[in-house]
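# A predicted structure for the sequence below; I have some questions about it.
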Amino acid sequence: MDLSQIIHPNQLHGLSINELQQIAYQIREKHLQTVATNGGHLGPGLGVVELTLSLYQTLDLNCDKVVWDVGHQAYPHKLITGRYNNFHTLRQKDGIAGYLKRSESIFDHFGAGHASTSISAALGMALARDFKGEKFKVVAVIGDGALTGGMALEAINHAGHLPNTNLLVVLNDNEMSISPNIGAISRYLNKLRLTLPMQLVKENLKEQVKQIPLVGDSPSSELKSLKNGMKFLTMTKVGSVFEELGFTYIGPIDGHNLEELIATFEQAHQISGPVLVHVATIKGKGYKIAEKDQVAYHAQSPFDLVSGKVKPSSQPKGLAYSTVFADTLVKFAEKNSNIIGITAAMATGTGLDKLQAKLPHQYIDVGIAEQHAVTLAAGLACEVMRPVVAIYSSFLQRAYDQIVHDICIQKLPVFFCMDRAGIVGADGPTHQGMYDIAYLRCLPNIVLMAPKDEVELQQMLATGIQYTDGPIAMRYPRGNGYGLPLIEEGWQPLPIGKSEILRHGDDVVMVAYGSMVYSAMQAAEILSEHGIEATVVNARFVKPLDTDLIVPLVKQIPRVVSLEEGCVMGGFGSAIVEALLEHGVVVPVLQIGVPDRLVEHASPNESKAQLGLTSLQIVDRIQSFFTFSLHKMLTQLNSDD
């Protein structure tokens with residue numbers, strides 16, 4: 001059977017091992033060709049091809065449910081669930097999503113772009129099944145990296161307390177998340193990898209006892225005690241943690257042996273209660289370059305399949321914001337041993353791998369555990385350390401209570417550096433950094449800032465590190481800066497809550513925040529060509545807002561535009577409106593930002609065009625809005641006369 005003919009996973013039923021191997025080869029070929037062209041996640045999907053085929057051969061996907069953790073390991077799943085012919089549109093505008101998406105396919109039983117959610121969701125489905133008296137199987141596939149997330153452990157704790165609820169958890173253990181895993185759980189799983197399967201020991205013991213005269217096929221109750229005792233005597237730690245938590249543990253199983261996987265999954269489906277099958281896989285399997293460099297090939301920009309090298313960009317760019325952040329932080333940390341960089345399994349993404357390489361004793365990776373990262377930083381701050389927590393904007397959402405309860409209430413000096421703030425592109429709604437302005441601005445005691453470019457980012461790093469009156473946060477976008485010459489040393493902190501005027505004009509005030517400052521400047525130049533002169537303010541801070549500058553300015557020029565790369569509701573524009581009203585200033589305010597809708601996967605430029613955030617669109621919106629407002633005010637004045 002050819003992969004292109006598979007439109008339903010049940011078509012795998014009855015196929016021979018040889019036929020499945022041929023499909024596995026085709027999946028890897030299609031996967032590699034597509035990611036090499038479009039970019040995307042590479043290593044995770046390549047590592048679970050056999051796992052996916054084997055699992056689906058033992059399930060009826062007309063009724064059974066499979067929840068894939070994160071979703072970037074589910075490209076093989078997409079290829080055998082009716083999306084082969086459109087797979088070339090992966091991560092493209094209006095194309096196949098890079099993560100699972102319930103609205104995309106009936107086989108995407110649960111959508112996710114963040115880790116550690118699968119067991120909770122699958123357990124919820126299993127409980128719903130039992131409540132309704134239905135009879136289908138529920139499987140959660142979770143990576144060993146995601147198992148470090150507290151939510152996954154909470155779900156395991158709950159599932160293990162429900163011995164009558166059938167749930168299969170497949171632990172895809174490739175010893176990696178994005179970077180190599182850290183922590184005690186990872187160390188424990190590594191020990192399991194080096195041990196013979198526990199299930200084999202127990203079954204062999206059962207067969208041997210059957211040979212004992214007068215026992216035969218009716219082993220006494222003592223056999224159960226003997227089997228459990230053998231587990232601790234022969235292999236003290238093999239799966240015992242999972243078994244003590246209420247799961248039947250099977251493994252570790254070779255994750256690339258189709259025959260062994262199929263037999264194991266068939267066996268697991270026959271066991272009552274929660275079951276955990278531990279599958280050992282190789283991230284990037286089948287592409288030697290990805291197998292050799294599993295960190296770099298977790299995800300890739302478009303690249304050459306033969307050499308593995310990333311295709312050069314057609315346009316010269318400045319350094320990535322994450323690179324500027326990391327290089328500058330290392331220089332600060334070299335001079336201040338109290339600075340501690342903290343990441344939640346995103347060392348390469350945030351750039352903190354550079355701090356790890358240069359000053360490993362000033363670097364902490366907590367695994368996929370954002371909540372722990374934030375409260376760990378709180379503890380460090382209590383002891384006069386300078387914790388710098390580098391987490392993506394969308395991932396920091398996962399630690400919201402800790403920011404409120406452990407940081408803001410206690411007014412602890414923790415510095416949050418939020419990468420990927422704003423529109424992030426092809427990863428889609430789960431990764432768009434839209435909400436940090438709104439979800440942090442409402443919290444007492446915190447300072448919020450955003451740089452207009454890479455040089456101002458360096459200045460804000462100095463500001464955040466030297467600020468000790470409470471928590472402070474800086475957001476900055478994904479991608480590259482403007483190629484400005486960087487400051488090599490002697491960075492001066494910015495005065496807290498102070499903005500700057502970049503351009504003067506008498507017709508409209510444009511107050512821009514962070515990545516929208518240069519767009520505002522471009523729009524102002526275009527407006528000038530139409531006879532409209534704008535004052536452009538680089539706000540720098542949204543909290544505290546520079547009302548000393550903004551309020552008098554707006555009183556002189558009573559037409560205001562706020563610009564932000566974040567959600568309008570509760571965001572930077574809302575802060576402007578609230579401040580003006582508090583000072584008794586009532587003027588028309590055009591709030592330009594992301595409306596109340598999800599931003600789907602597309603290139604950042606495509607998304608900005610859809611949202612009306614390009615410079616030309618900003619000009620059109622300003623002209624339209626204030627022409628309408630002027631007409632309305634004149635009409636009101638005439639009616640008053």
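Perfect, thanks for sending it. Residues are numbered from 1 along each chain as shown.

# switch to C-alpha atoms for all contacts and neighbour counts from now on
Fine.

# And residue 281, how close does it get to residue 574?
Noted for residue 281: a distance of 49 Å to residue 574, by CA to CA, to the nearest Å.

# ok, those two, which is more surrounded?
The neighbour comparison of residue 281 against residue 574 (other CA atoms under 10 Å) goes to residue 281, with 25 against 17.

# for the stretch 201-350 of the chain, what spans make up the helices?
221-234, 240-244, 258-269, 288-292, 321-335, 347-350 (DSSP state H, counting those that start in this stretch).

# okay, those, which one's buried deepest?
With neighbours defined as mean count of other CA atoms under 10 Å, the helices of the stretch 201-350 of the chain peak in mean count at helix 347-350, which reaches a mean of 22.

# Mean pLDDT added to the helices of the stretch 201-350 of the chain, as CSV?
CSV is the format used below for the helices of the stretch 201-350 of the chain (pLDDT from 0 to 100):
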stretch, mean pLDDT
helix 221-234, 47
helix 240-244, 87
helix 258-269, 95
helix 288-292, 80
helix 321-335, 97
helix 347-350, 92
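
# Compile those into TSV and extend it with columns for distance to residue 164.
Converted to TSV, the helices of the stretch 201-350 of the chain look like this (distance: least, CA to CA, whole Å):
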stretch	distance to residue 164
helix 221-234	19
helix 240-244	15
helix 258-269	14
helix 288-292	40
helix 321-335	48
helix 347-350	41
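
# Which one, of those helices, ends up nearest to residue 475?
Minimum separation from residue 475 across the helices of the stretch 201-350 of the chain (CA to CA) falls at helix 321-335, 10.5 Å.

# what packs against the closest one?
For helix 321-335, the elements it packs on are strand 339-343, helix 347-350, helix 353-358, helix 454-466, judged by 3 or more CA pairs under 8 Å, 6 or more residues apart in numbering; DSSP states H and E.

# pull the CA atoms of the last one into CSV?
Extracted in CSV, the C-alpha atoms of helix 454-466 (Å, rounded to 0.1, in the frame of the first residue of the first chain):
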residue,chain,number,x,y,z
GLU,A,454,18.1,45.6,19.7
VAL,A,455,20.1,48.5,21.2
GLU,A,456,17.2,49.5,23.5
LEU,A,457,16.9,45.9,24.5
GLN,A,458,20.5,46.1,25.8
GLN,A,459,19.6,49.2,27.8
MET,A,460,16.5,47.5,29.2
LEU,A,461,18.6,44.6,30.3
ALA,A,462,20.6,47.0,32.3
THR,A,463,17.4,48.5,33.6
GLY,A,464,15.9,45.2,34.7
ILE,A,465,19.1,43.9,36.3
GLN,A,466,19.6,47.1,38.3
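
# Within its sheet, name the partner strands of the helix or strand containing residue 564 and how each one runs.
Using DSSP states H and E, residue 564 maps to strand 560-567. Sheet pairing here is set by DSSP bridges, and for strand 560-567 it gives strand 508-512 (parallel), strand 589-594 (parallel).

# what residues does that strand touch?
Under the contact criterion CA atoms under 8 Å, 6 or more residues apart in numbering, strand 560-567 has outside partners 421-423, 433-438, 508-517, 520, 554, 571-573, 576, 587-596, 622.

# hmm, 7 Å instead?
Applying CA atoms under 7 Å, 6 or more residues apart in numbering, the contact partners of strand 560-567 are 422-423, 434-435, 508-513, 515-516, 572-573, 588-596.

# and if you look at stretch 262-276?
Against stretch 262-276 from outside (CA under 7 Å, 6+ apart): 54-55, 58, 159-160, 163-171, 247-250.

# picking that back up, tell me which of the strands paired with strand 560-567 is the most buried.
Of the strands paired with strand 560-567, the one with the most neighbours on average (mean count of other CA under 10 Å) is strand 508-512, at a mean of 27.

# Identify the residues contacting that strand?
So strand 508-512 is contacted by 520, 533-539, 554, 557, 559-564 (CA under 7 Å, 6+ apart).

# In JSON lines: the strands paired with strand 560-567, plus mean pLDDT.
Listed next are the strands paired with strand 560-567 as JSON lines, based on pLDDT from 0 to 100:
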{"stretch": "strand 508-512", "mean pLDDT": "98"}
{"stretch": "strand 589-594", "mean pLDDT": "97"}
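
# closest to residue 469 out of those?
Smallest distance to residue 469 across those (CA to CA): 25.9 Å, for strand 508-512.

# Can you find the helix or strand of the protein with the lowest average pLDDT?
helix 221-234 (a mean of 47; mean pLDDT, DSSP states H and E).

# coming back round to it: for the helices of the stretch 201-350 of the chain, which one sits closest to residue 9?
The nearest among those, by CA to CA, is helix 258-269 at 14.7 Å.
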